[in-house]
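1. Build me a structure from this.
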Amino acid sequence: MRNKCQFDEKQILDRGKAFQAGFLAAIITTCATYFLTDVCRVSIASFSLFLISLWIPITVCFILLITKDAYENVNSSIGKTILSIYGLAGLFILGSTLFSIFVGKEHFLKNGTFSDSLGHIVTAICMITTCVTYWVKRCINARKYRDE
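-> The predicted structure is shown next:
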């Protein structure tokens, strides 16, 4: 069976660098959350810590993949659909979380602890940022190829 996901040599190298940066971001995020919670005594719900530690490295990796043109393979065109849905999901998460906070269903701070809403907001911002980065890069590439 032939592999349909074909990347050129530059894309393969850039993807490796993006994954390395994502891994480094995971280490830095873990250290930062430890510093905030244990050294500075900032109280953050454990689910929020999990979401922050998960989504920030993923976002770093995605943004590097997108900016280096290593997200989509040479023959792919499905990325715009997937990332549009991804961005819309981020908008939905952000909107529903902020709505829940404003109507009083959820609280951003509860008994001096940042609640799960913090993690939801960080997740949504990461998803939206990735989508916006993709579309901006796509517009820049289209303009660049049109001018050539």
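2. Go through stretch 70-88 and flag the buried ones.
-> Judged by neighbour count using 16 or more other Cβ atoms under 10 Å, the buried positions of stretch 70-88 are 70-73, 79, 83, 86-87. To be clear about C-beta, it is placed using only N, CA and C from the backbone, and glycine gets the same treatment.
3. Mind telling me the two of those farthest from one another?
-> Maximum pairwise distance among these (Cβ to Cβ): 20.6 Å, between 73 and 87.
4. Tell me the one among the buried residues of stretch 70-88 nearest to residue 49.
-> Checking the buried residues of stretch 70-88 against residue 49 by Cβ to Cβ gives residue 86 as the nearest, at 22.7 Å.
5. Doesn't residue 73 lie inside a strand?
-> No - Residue 73 sits outside any strand when classified using DSSP: H, G, I helix; E, B strand; the rest coil, being coil.
6. Go through the chain and flag its longest helix.
-> helix 116-147 (DSSP state H).
7. and the gap between residue 20 and residue 125?
-> To residue 125, residue 20 is 23 Å away according to Cβ to Cβ, to the nearest Å.
8. and residue 54, which of the three is it?
-> Here residue 54 is recorded as helix under three-state DSSP.
9. just to revisit the earlier point, for the record, mean pLDDT for the longest helix of the chain?
-> Average pLDDT, helix 116-147: 92.
10. How about it, which residues are buried there?
-> 116-131, 133-134, 137.
11. Give me the nearest residue to residue 26, chain neighbours excluded.
-> Using Cβ to Cβ, 6 or more residues apart in numbering and skipping the chain neighbours, the partner closest in space to residue 26 is residue 57 (3.9 Å).
12. Can you name every helix or strand that whichever strand or helix holds residue 17 contacts?
-> Using DSSP states H and E, residue 17 sits in helix 9-34. Applying 3 or more Cβ pairs under 8 Å, 6 or more residues apart in numbering; DSSP states H and E, one finds that helix 9-34 contacts helix 46-67.
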